[in-house]
Structure formats: structure tokens, C-alpha cells
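**Student:** next input, structure requested:
(one chain, ligands or ions: 2)
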Amino acid sequence: MSHEIKKTGRILRAPENFVDSRLAEEISKDGMNKERRGFLRRSFLAASAAMASGTALAQAAASSFEGDSNILTLPEHAKTLGKPVATNAYGMPSKFETNLLRRESPGLTRVSAASVAFTPLQGLFGIITPSGLHFERHHQGWYDVDPSKHRFMINGMVKNPKVYTMDDLMRMPSVSRMHFIECGANTAMEWGNVAVPTVQYSHGMLSCSEFTGVPLSYLLEDCGYDKKNARVVLAEGSDGSAMTRTISIDRALDDVLVVWGMNGEMLRPENGYPLRLVVPGVQGVSWVKWLRRIEVGDKPYATKDEAIHYIDAMPDGTFRQYTSIQETKSVITTPSAGQTLLDKGFYNITGLAWSGRGKIKRVDVSVDGGRNWRTARLETPVLSKCLTRFNIDWVWDGSPAVLQSRAIDETGYVQPKINELRAVRGTKSIYHNNAIQSWKVAESGEVSNVQVY
Ligand SMILES: Nc1nc2c(c(=O)[nH]1)N[C@H]1C(S)=C(S)[C@@H](COP(=O)(O)O)O[C@H]1N2
Ligand SMILES: [Mo]
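**Tutor:** Ligands and ions are numbered 1, 2, ... in the order given. Okay, here's the model as predicted:
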């Protein structure tokens, strides 16, 4: 593929401020955060009760309906007037759902406003992340930028450099596309065999939305980019971190979007309101938020965000640069670490699969640590560079089990085991860990994060 800009060189190791190894050790020693586990146990109770209809669980529960006032007596809400419309002019989740939140990992350090809050994957259905739960990752905090004052410029190797207002952009022919965004550092702790306590913290720098905006190719044409000599574009954010990323011109002309819309409304401030870049299949850092400028150039810019950050430490001491694509990956979101199976019997194993190179072709699931595999059901739609939901039946016999999922994409790429990945990549990396994830189910029903080789 001509998309990737490949370059390998010896570069000094970046100062490490992402993983707080001391806290990480405490988590791995302690297994998991006790308070959090209590919450998940309760929420899983509620979730499995809600899921019960139409399953073996429903049959098991049927005998206990006798004498249950919740079904025998009409509830208050069946006999009274409801609240009037527009009491919540902007609709909010039920008061019974207020525990489902973006959270900061107990194992990571917040460096002033630069931080990350993870998406609670264990509590979500389907493939779209509700906008209020879309993960947020900022190098310098977030802003609520006045759209009437926001400007977007295209300059560099173009015939007509232009400055656009939001009104200019929103008059253009727009498209809407569903794509996942994953931070390159998602699942970073697993490189060092640090078992973070829940799927929210191991995989929650992952979200998926419908984005609306104008193709970057349209804007590049509008400015008359230099077709003969242009090799790359540089995207620049208007925030205090001056986030800057080089993107190859092939990719920029392919499926990159300059967007204002997310899930049918304007972007949320945390996610770059009023304008951000969408770079399908590529690590989150290139999806520049509060986008202010695109410069067309003829060589990679090697900015701070691509020369000392977001490089992959290899076992031979070299660093890989511009390894942008998020390779095929999947994870079981329920049952997952921190949850508890309350009884033997039927469970729906469910999870997410995605590939930065196209569509998911197949997901296999193992309940015995990778010895035997069964093919899961993929729920539609299955879209390119988008999350795909998978489901598979499982009857738990009460003995210890190790749950894994393995995704295969349309290029034939198979998601690797952690030891296969380590053999190539070593253990010093932070980024691009797409290994198969293992969840151990103990006899007690408690599910925890383990590594299986
Ligand atoms: N301007 C700007 N853009 C940015 C960032 C930033 O700090 N500033 N963070 C990047 C990183 S590292 C990621 S993973 C994604 C996160 O996008 P989200 O906050 O919408 O999930 O935005 C990227 N774009
Ligand atoms: Mo990121």
C-alpha cells in the first residue's frame, strides 16, 4: 500500500510520562480496584436481569415470578400522568444509568490538563459510542471554541491559499461516514504485562461515531494543490499543544474528512468543536481537533508529535516512525474483567472488532485460552474502518475458563497473540498493541485480566 510513509531510524527515547509504573505495579499487585469491582458486580446484576428475556436465563427465572409484586401489581407509572415534554430539553440518560461514565484510569498520571478519560465499553451495545461517552484524550486540555471566530486555512504547495469560516465549510457538499477512532496508546499497559482492572481501562481509548463533514480532497482541489509535487499534508490544531501531524497525500485524497458533525449534532467541545480531522483507520493522534490549518508539502514534517512522541520502540533499540495504521484487533466487552458471572448457564459473549485496513471478515471466540475456536456472529452493518459487533452463545459449566476473541480482516490479516507480537516488537513499546486479549473466569464467577501465551 502506498499509504504508509515508512522510515526507521535511531532516535532518542521520548521522556516517559504516559504510564505511571509505580501505580501500575500497585494495580497489578492488588489485582483490581475493589470499589470499582463492587460497582461492576452490581451493574452486571442489573444488566443480566435486563438481558434475561428470551434466553435460558429467562426460563431459569420464570419460576420465581410467582408472588413477585413487580409483575402482579400495576406500577405507579401505569396509573399516573408522566412528566411533560421538553422537561429535559436536551435528553439525558435515566437516573438509574448514572454510573456509566468516562473515567480516568487509576494507573495513569494526569499531567496538568493533559490526560485521557476512557469509554466504558463494558456497558455499551451495538457499535456507536454515545457522544457523551466518546473517549477524550488531550495533550493540553479541552476548549469550547466560538465557531463564529474559528478559521481554517489551507496553505503551502497550493495555487490559491484560502481561509474558510465555519459557514463557508458548512455550505459545501458534505458526507456522513461511520468510523472508529483508537488512540495509538490504547492497551499500552499490556506490553509490560500490567493487568489493568477492566476493559474500560485496557481498551477504552476506542470509540465509534458517525462523522459529518467535507472530504479533504474537495478542499485541496478548491485551493489548487500542486498535483505534481505534493507528497504530504500537515494538519495543525489550534489548541495550546499545537498538535501537528504529517499525513501522506494519497491518504489525504482518499477518505480523510474535515468534520463538524458527530452522531447527528455538532462535535462536542472535548472532541474538537467546531472542526476536527477524521483520518479513518489511523491512530487517534492524527485526528487533529480544533483544526486550524492544513499545509501541503513535499516531505514529512517530523514535528514533535511524530519525531519524539508516537514512535514505536523496537527490541534492537531502533524506533519505528509513522506507523499510523491501527491493525486488526478485537476484544470481548462482556463478560470482561471486573464483572462477575452470578450462576452457571447461558451467557451471550459479546464484543467489538475493527481494522484500520478495511472490513472485519471473521471473529473467532475461544473459552479455553485459545485451544479451540468457534466463529462468532457478526452483527450488521459491517463497515470499513468501523467497529463491528460480534456475539456468540456460551453455556458456562462453572469451571475456570479463559475467554478470547481473534479477529480477521478482509486483507486476511489475523490478530496476533501477545507473545507473537512481543517476538517482533519487544516489550518497550507504548503504541500499537493489537494482541488477543484474555479474560479469566474463576470458579467463583469473577472475571479478571490475564495474559495467555
Ligand atoms: N488539537 C489536538 N488534537 C488532538 C489531540 C490534542 O491534544 N490536540 N489529541 C489527539 C489524540 S492523542 C487522540 S487519541 C485523539 C483523541 O480524540 P478524542 O478526544 O475525540 O477521543 O485526538 C487527537 N487530536
Ligand atoms: Mo492518542
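
**Student:** quick one: pLDDT of the residue of the chain positioned farthest from its centre?
**Tutor:** Centroid-distance maximum for the chain: G67 at 44.5 Å, with CA atoms, centre = their mean. The score at G67 is 85. That number is its pLDDT.

**Student:** now it: which helix or strand?
**Tutor:** With elements delineated by DSSP states H and E, G67 resides in a region that no helix or strand encompasses.

**Student:** can you tell me the centre-most residue of this protein?
**Tutor:** Nearest to the geometric centre of the chain sits L206, at 0.6 Å (CA atoms, centre = their mean).

**Student:** how much space separates that one from E76?
**Tutor:** In this structure, L206 and E76 are separated by 40 Å, where distance is defined by CB to CB, to the nearest Å. C-beta: built from backbone N, CA, C; applies to glycine.

**Student:** with A252 instead?
**Tutor:** Taken as CB to CB, the spacing of A252 relative to E76 amounts to 58 Å.

**Student:** more crowded one of these two?
**Tutor:** Set side by side, A252 and E76 show unequal neighbour counts under other CB atoms under 10 Å, the larger going to A252 at 23 against 7.

**Student:** can you tell me the element the more buried one falls in?
**Tutor:** Per DSSP H and E: A252 is located in helix 249-254.

**Student:** quick one on the thing from earlier: residue contacts, the residue farthest from the centre of the chain?
**Tutor:** For G67, no residue counts as a contact, taking CB atoms under 8 Å, 6 or more residues apart in numbering as the criterion.

**Student:** closest residue of the stretch 301-450 of the chain to ligand 2?
**Tutor:** Y310 (7.7 Å; CB to the ion).

**Student:** export only the CA atoms of stretch 121-134, formatted as CSV.
**Tutor:** Included here for stretch 121-134 are C-alpha records, laid out as CSV according to Å, rounded to 0.1, in the frame of the first residue of the first chain:
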residue,chain,number,x,y,z
LEU,A,121,-17.0,-0.3,26.6
GLN,A,122,-18.4,-2.9,29.1
GLY,A,123,-21.7,-1.0,29.3
LEU,A,124,-22.3,-0.2,25.6
PHE,A,125,-24.3,-2.0,22.9
GLY,A,126,-24.0,-2.1,19.1
ILE,A,127,-21.2,-0.1,17.5
ILE,A,128,-22.0,3.6,18.0
THR,A,129,-20.5,5.3,21.1
PRO,A,130,-22.9,7.8,22.6
SER,A,131,-21.3,11.3,22.2
GLY,A,132,-21.2,11.9,25.9
LEU,A,133,-19.2,8.7,26.4
HIS,A,134,-16.8,9.1,23.5
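
**Student:** quickly list what E182 is bridged to.
**Tutor:** Applying DSSP bridges to E182 gives these bridge partners: L206.

**Student:** and it, how many neighbours does it have?
**Tutor:** Other residues within reach of E182, judged by other CB under 10 Å, total 25.

**Student:** just A442 next, same as before
**Tutor:** The criterion is other CB under 10 Å. On that basis, A442 has 13 neighbouring residues.

**Student:** that one: what's it in contact with?
**Tutor:** Contacts for A442 (CB under 8 Å, 6+ apart) come out as P400, S448.

**Student:** tell me the spacing between the residue farthest from the centre of the chain and D312.
**Tutor:** For G67, the distance to D312 equals 61 Å [CB to CB].

**Student:** now swap in Y413 and tell me
**Tutor:** 18 Å.

**Student:** G398 now?
**Tutor:** For G398, the distance to D312 under the criterion CB to CB works out to 42 Å.

**Student:** neighbour-wise, which of those two wins?
**Tutor:** D312 (19 against 13).

**Student:** for that one, which non-adjacent residue is spatially closest?
**Tutor:** For D312, ignoring the flanking residues on the chain, the nearest one in space by CB to CB, 6 or more residues apart in numbering is R320 at 4.0 Å.

**Student:** the one you found: what secondary structure?
**Tutor:** When the structure is reduced to helix, strand and coil (DSSP: H, G, I helix; E, B strand; the rest coil), R320 reads as strand.

**Student:** surely it and V424 touch.
**Tutor:** No. Proximity of R320 to V424 does not meet the contact threshold set by CB atoms under 8 Å, at 10.8 Å.

**Student:** these two: who's more crowded?
**Tutor:** More neighbours sit around R320 than around the other of R320 and V424, counting by other CB under 10 Å; the figures are 18 against 9.

**Student:** isn't I247 up against V278?
**Tutor:** No. Between I247 and V278 there is no contact under CB under 8 Å: 11.4 Å.

**Student:** what is in contact with these two at once?
**Tutor:** Here I247 and V278 have V256 as joint contacts, going by CB under 8 Å, 6+ apart.

**Student:** and the residue nearest to H134 when sequence neighbours are not counted, what does it touch?
**Tutor:** If the residues on either side of it in the chain are set aside, H134 comes closest to S207, at 4.4 Å by CB to CB, 6+ apart. The neighbours of S207, taking CB under 8 Å, 6+ apart as the test, are T119, T129, L133, H134, F135, F180, I181.

**Student:** what's the distance between the closest residue to ligand 2 within the chain and R177?
**Tutor:** Minimum separation of the chain from ligand 2 (CB to the ion) falls at C183, amounting to 3.3 Å. Between C183 and R177 the distance, using CB to CB, works out to 20 Å.

**Student:** same deal with M189?
**Tutor:** Using CB to CB, M189 is found at 31 Å from R177.

**Student:** who's more crowded, those two?
**Tutor:** Between M189 and R177, counted using other CB under 10 Å, M189 has the larger neighbour count: 25 against 19.

**Student:** doesn't that one lie inside a helix?
**Tutor:** Yes. Counting by three-state DSSP, M189 is part of a helix.

**Student:** report pLDDT for it.
**Tutor:** With respect to pLDDT, M189 has a value of 90.
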